[in-house]
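Participant: After the sequence you'll find the predicted model.
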Amino acid sequence: MFITFEGIDGSGKSTQASRLYEHLSNLLGKGMVLLTREPGGWSHGDMLRELLLHHEWRSWSEFFLFMADRYEHVHEQIMPALSNGLTVICERYIDSTLAYQGWGRGLPVDEMKRLFSIMMLPVPDLTVWLDVPIKTAMDRIRSRKAPDRLEEEGFLCRVRHGYVKVFEEDPQRIKRVSSDRDKDVVFVEICKLVEAFMDESGKRR
């Protein structure tokens with residue numbers, strides 16, 4: 001089972017992905033769940049993560065750096081884990097690219113989807129979209145550090161709109177969860193979604 005977490009910065013992805021990892025490890029067994037992230041979730045990914053997050057890039061250059069990171073990540077981590085029967089939880093994946101580089105940067109979404117298809121990237125079984133108001137996200141970001149270039153308020157408004165469009169196109173795979181609530185309440189809703197999907201698809205052991 002391939003589960004991804006999506007949402008703008010400050011939506012709580014890292015917290016909830018980590019909690020789900022612990023929950024499913026207890027449910028499915030230790031060693032049966034892989035928790036990873038993009039960018040940077042593979043052996044040399046920290047170099048690309050540093051380049052992407054802390055340097056200015058033209059839009060297409062940024063896109064192809066993200067895609068290089070993803071291609072290596074998929075083939076080194078995600079696909080081997082899925083082939084060995086593990087459940088994979090990934091923080092950010094293809095929907096982040098559509099939202100950030102498509103609606104955020106203005107790149108053509110259809111062309112990006114075509115490249116995803118050429119690269120034969122696996123599609124998640126279930127995507128948890130943590131939706132949060134921009135003001136709440138910005139308050140959370142500012143409470144821990146100064147916003148970087150991918151966390152500017154106007155940019156995140158465009159990105160959130162992108163997530164709305166992605167969700168509307170694929171509501172069967174993508175499940176919206178409001179994360180403007182107590183994190184324990186959010187986690188209970190996520191667990192119910194994931195366990196219901198596992199039951200329906202026969203993936204619960």
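Facilitator: Arrived safely, thanks for sending.
Participant: Check which helices and strands the strand or helix carrying Trp129 sits against.
Facilitator: In this assignment (DSSP states H and E), Trp129 forms part of strand 126-131. Identification of packing neighbours for strand 126-131 by 3 or more Cβ pairs under 8 Å, 6 or more residues apart in numbering; DSSP states H and E yields strand 2-6, helix 13-28, helix 153-169, strand 174-178, helix 183-201. For every residue, glycine as well, the C-beta is placed using N, CA and C.
Participant: tell me the most buried of the ones you listed?
Facilitator: With neighbours taken as mean count of other Cβ atoms under 10 Å, these reach their highest mean count in strand 2-6, at a mean of 25.
Participant: If I take it and helix 13-28, what angle do their directions form?
Facilitator: 160 degrees (axes from the mean of the first three to the mean of the last three Cα atoms, to 10 degrees).
Participant: Relative to Gln77, which of the helices and strands packed on strand 126-131 is closest?
Facilitator: Closest to Gln77 of the helices and strands packed on strand 126-131, according to Cβ to Cβ: strand 2-6, at 11.5 Å.
Participant: what's the angle between the closest one and helix 183-201?
Facilitator: 150 degrees.
Participant: what does stretch 175-190 rub up against?
Facilitator: 7, 11-12, 15-16, 19-20, 126-133, 136, 167, 193 (Cβ atoms under 8 Å, 6 or more residues apart in numbering).
Participant: wait, doesn't Thr97 sit right on Phe66?
Facilitator: Yes - with contact defined as Cβ atoms under 8 Å, Thr97 reaches Phe66; the gap is 5.7 Å.
Participant: neighbour count winner among the two?
Facilitator: Higher neighbour count among Thr97 and Phe66: Thr97, with 25 against 21, using other Cβ atoms under 10 Å.
Participant: check which helix or strand covers the more buried one.
Facilitator: Using DSSP H and E, the element containing Thr97 is helix 94-97.
Participant: Can I get the following helix or strand past that helix as PDB, trimmed to CA atoms?
Facilitator: Next in sequence after helix 94-97, counting helices and strands by DSSP H and E, comes helix 109-118. Output in PDB follows, covering the C-alpha atoms of helix 109-118 (Å, rounded to 0.1, in the frame of the first residue of the first chain):
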ATOM      1  CA  VAL A 109       0.000  21.000 -15.600                       C
ATOM      2  CA  ASP A 110      -0.800  18.800 -18.600                       C
ATOM      3  CA  GLU A 111       2.800  18.700 -19.700                       C
ATOM      4  CA  MET A 112       4.000  17.800 -16.200                       C
ATOM      5  CA  LYS A 113       1.400  15.000 -16.100                       C
ATOM      6  CA  ARG A 114       2.700  13.800 -19.400                       C
ATOM      7  CA  LEU A 115       6.300  13.600 -18.000                       C
ATOM      8  CA  PHE A 116       5.000  11.700 -15.000                       C
ATOM      9  CA  SER A 117       3.500   9.200 -17.400                       C
ATOM     10  CA  ILE A 118       6.700   8.800 -19.400                       C
END
